[in-house]
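# starting from these lines, generate the structure:
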Amino acid sequence: MLTIINTADGNPTLYSEEFTSHYHSMHGSVAESNYIFIEQNLAYYVLQHQPAIIHIFELGFGTGLNAYLAAEFASQHKISIVYHTIELYPVPLDIIEKLVFNIFDIKLYKSLHAAPWETETIITPTFTLHKHEGNFLNYSLPNYYHLFFMDAFGPVQQPEMWEPAMLQKIYDSLLPSGIMTTFSARGNFRRYLQTLGFTVERLPGPKGKRHITRAVK
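This is a model prediction of the structure:
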């Protein structure tokens with residue numbers, strides 16, 4: 001069962017009874033997503049490399065908030081983004097309709113959820129979306145992506161997503177200089193990323209969280 005809850009920045013999140021976890025920080029859902037996945041990943045990569053096109057993979061489509069923020073970024077910065085995402089538990093559309101984010105383009109947000117699964121869909125001239133419904137454990141990733149948004153439930157709620165084999169899969173999917181960011185900053189997690197070959201940074205977290213992780217291949 002999913003319950004809609006308002007967060008401190010005036011935007012909603014969902015609470016999953018199955019995983020006993022919120023989808024976003026209660027200190028601010030949009031603020032958290034924007035900081036971890038846009039500022040410290042997408043915007044950071046663009047500043048370093050000035051690419052014309054970026055391939056992103058997101059583990060955990062969830063409410064679609066990260067995809068929306070990436071689509072907005074693509075439009076504002078005139079960069080083409082091809083965005084692939086996987087979700088084992090798609091949020092029902094009747095719940096999505098009740099989520100009222102304080103965002104610029106609600107039509108764009110709804111178009112992400114209206115897009116069919118298993119099909120590459122041109123959402124805007126600068127943003128193409130492919131949603132896959134399935135289990136990341138059984139999903140084969142090509143060596144194709146510049147960026148990886150690791151947004152599964154946490155290591156306590158979904159430990160299988162944080163196992164060494166899954167982190168190896170993420171590493172292998174990234175092109176040279178590719179970046180993975182996530183909200184987890186556990187010591188053993190960061191150390192294993194280093195053994196894979198990532199350059200790992202423990203960054204200050206958004207409000208309510210001490211640290212996050214950025215790993216660069």
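# contacting residues around the spatially most central residue of the chain?
Central residue of the chain (C-alpha atoms, centre = their mean): Phe149, 3.7 Å from the mean position. With contact taken as C-beta atoms under 8 Å, 6 or more residues apart in numbering, Phe149 is in contact with Phe37, Asn41, Ile56, Phe57, Glu58, Leu59, Gly60, Asn66, Met180, Thr181, Thr182. C-beta here means a position set from N, CA and C on the backbone, and glycine is covered the same way.
# how much space between the first one and Phe57?
It stands for Phe37. For Phe37, the distance to Phe57 equals 12 Å [C-beta to C-beta, to the nearest Å].
# could I get the full set of strands for this protein?
2-6, 12-16, 21-22, 53-59, 80-87, 120-124, 127-133, 145-150, 174-182, 199-204, 211-216 (DSSP state E).
# relative to Lys110, which of those strands is closest?
Shortest distance between Lys110 and these, using C-beta to C-beta, is found for strand 120-124: 10.7 Å.
# any idea of the mean pLDDT for that closest one?
The pLDDT scores in strand 120-124 average 98.
# output the contacting helices and strands for it.
helix 65-77, helix 106-114, strand 127-133 (3 or more C-beta pairs under 8 Å, 6 or more residues apart in numbering; DSSP states H and E).
# out of these, nearest to Pro155?
helix 65-77 (19.0 Å).
# show me what that closest one packs onto, helices and strands only.
Using 3+ C-beta pairs under 8 Å, 6+ apart, helix 65-77 is in contact with helix 29-33, strand 53-59, strand 80-87, helix 106-114, strand 120-124, strand 127-133.
# output the strands of the chain in a markdown table; the columns should cover distance to Glu97.
Below are these laid out as a markdown table (distance: least, C-beta to C-beta, whole Å):
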| stretch | distance to Glu97 |
| --- | --- |
| strand 2-6 | 11 |
| strand 12-16 | 12 |
| strand 21-22 | 20 |
| strand 53-59 | 22 |
| strand 80-87 | 17 |
| strand 120-124 | 18 |
| strand 127-133 | 17 |
| strand 145-150 | 24 |
| strand 174-182 | 29 |
| strand 199-204 | 35 |
| strand 211-216 | 31 |
